[in-house]
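**Q** build me a model from this:
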Amino acid sequence: MDFPFFLDIALRLLFTGVIIYRNKSSSPVRLGWVILVLLIPFVGMALYLLFGEVWRDRGRLARHKSIIDRVRSRMETVPFSISTSEQTPRNDYTRVSNAFEFQGAFPLRQGNRLQLFSDPEQTMLRIAEDIDQAKQSCHLLFYIWLDDESGNLVANTLIRARQRGVECRVLVDAVGSAQFLNSALRKRMDDGGIEVVPSLSLSSFDIRIDHRNHRKLIVIDGNTGWTGSRNLADAEFRIKPDFAPWVDVMARIVGPSVYDLQAVFIEDWVLEQDAAIEALMTPMPEPLSGRSQVQVFATGPTFDSRILRQMAVISLFIAKHELIITTPYFVPDEASVTAYCGLARSGVRTVLVVPKRNDSRLVAAASRSFYQDLLDAGVEIFEYRPGLLHSKTITIDRRWSLLDTANFDRRSFELNYEVSFATTDSTFTSQLRDLQMQYISDSDRVDKNQWSQRSDYSRFLDNTARLFAPIL
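**A** Okay, the predicted model is just below:
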């Protein structure tokens, strides 16, 4: 037998065996890697070594888990948790909250105030206004920070805050914000006394390059917080202007749940800076009487990789009339597709809104491959026209909602560090649903009959992309 041929077969079998032996990935993920290795052997093997195994992360992941345990053990006794309160009636919402908490989410806390922001200019101006009111600390964590109008506005506001004696700490993803970290704006922030630190820096060999910090959050004085889908960048998003405007949503939170956002920031900051946890923590804010119930949860490689996916499916259980989802990247697993189809067939209006033009052709193709199954089950699918719809939201029956930094794909579910919050605030949820309806009004509905008649070539391409959906 020709030796190169024998070596090729041996390597394919070896990698296939290693992939099958792995016990931390789902069967579809393993199958995706096996297909890649068998179809494109040497490219597939190289990609698997880079992205398929977690060996490079084990030390860092263990250290991060230790930090998380230390932070949470130092958190104050939780007087504003309602998820286990005997006085709180057990209903569908509290049961879902308890399931989330069991999976590692923070408790559902009462006494918060929520505000929704979708206009990019108003969002940045209000963030700057909050920073201008800061007295003790400003903590910001973003996946992408750009040297543009929004980036400069917030940076200038932080520099002014530092001049007043406010401690200002900025954590940005080392890959997502690579341009910013080497920019004149970053140097000006350094000179102004702002602590700017990269998260998951590639200069360290103990990380996987596809493990990214995708969180977006701001905590001011420990009692005012922001989170949502917006990066610290203009809607024109100049690093990908062909898909602009990028359409996002942010929430402003005042109250006890900001304490949980603060904990998430501290956990990530201490991982990079090895700072004293006690020096970063602030007292829990007092509850606001009769205000929103909010539950914060952080997810990522440090946690069980099934948590976010299970949370997304668990939330479907409470829908009785309507479920609306908006996401830029929709690459679900088969269990999730089955859940959406089952929900639609049960008579619950089930709506999915995605961008018409996506910045990732492979993800867009994989997403389209699920359309026919969803449409046949009665799911309504809309494709947003004006720009790249980047908002990640769920509303259920105008009573429960979820605002996320995570997309509906494996990368967000398993590889990225994300932060999300759920709320039973019906007023906030109705406002979020109104925003979703605006997205729908600017979208084209996917017609089931027309979709079923698309060309064999398009169907082939989409279904081919679907083979790799588990590893996207």
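
**Q** part of a helix, is residue 20?
**A** Yes. Residue 20 sits within a helix when classified using DSSP: H, G, I helix; E, B strand; the rest coil.

**Q** my guess is it meets residue 31, correct?
**A** No. Counting by C-beta atoms under 8 Å, residue 20 stays clear of residue 31, with 9.4 Å between them. C-betas here are computed from N, CA, C, even on glycine.

**Q** residue closest to the middle of the chain?
**A** The centroid of the chain falls nearest to residue 406 when counting by C-alpha atoms, centre = their mean (1.9 Å).

**Q** now do the contacts for that residue.
**A** Applying C-beta atoms under 8 Å, 6 or more residues apart in numbering to residue 406 gives the contacts 214, 299, 308, 392, 412, 413, 416, 418, 420.

**Q** is it in a helix, a strand, or coil?
**A** coil.

**Q** residue 414 versus that one, what's the distance?
**A** Taking C-beta to C-beta, to the nearest Å as the measure, residue 406 falls 10 Å from residue 414.

**Q** picking that back up, need the contacts of residue 406 in JSON lines with pLDDT, neighbour count and distance to residue 15, can you?
**A** Converted to JSON lines, the contacts of residue 406 look like this (pLDDT from 0 to 100; neighbours: other C-beta atoms under 10 Å; distance: C-beta to C-beta, whole Å):
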{"residue": "214", "pLDDT": "96", "neighbour count": "24", "distance to residue 15": "29"}
{"residue": "299", "pLDDT": "90", "neighbour count": "28", "distance to residue 15": "29"}
{"residue": "308", "pLDDT": "74", "neighbour count": "25", "distance to residue 15": "28"}
{"residue": "392", "pLDDT": "96", "neighbour count": "24", "distance to residue 15": "34"}
{"residue": "412", "pLDDT": "80", "neighbour count": "25", "distance to residue 15": "26"}
{"residue": "413", "pLDDT": "77", "neighbour count": "25", "distance to residue 15": "24"}
{"residue": "416", "pLDDT": "91", "neighbour count": "24", "distance to residue 15": "25"}
{"residue": "418", "pLDDT": "95", "neighbour count": "26", "distance to residue 15": "30"}
{"residue": "420", "pLDDT": "93", "neighbour count": "25", "distance to residue 15": "35"}
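
**Q** and the residues you listed, which of them are in strands?
**A** Secondary structure from DSSP state E places 299, 418, 420 of those in strands.

**Q** excluding covalently adjacent residues, which one is nearest to the second one?
**A** Looking back up the chat, that one is residue 418. Excluding the flanking residues, the one nearest residue 418 by C-beta to C-beta, 6 or more residues apart in numbering is residue 406, at 4.0 Å.

**Q** what does the first one give?
**A** The shortest distance from residue 299 to any residue that is not its chain neighbour, by C-beta to C-beta, 6+ apart, is 4.5 Å, and that residue is residue 308.
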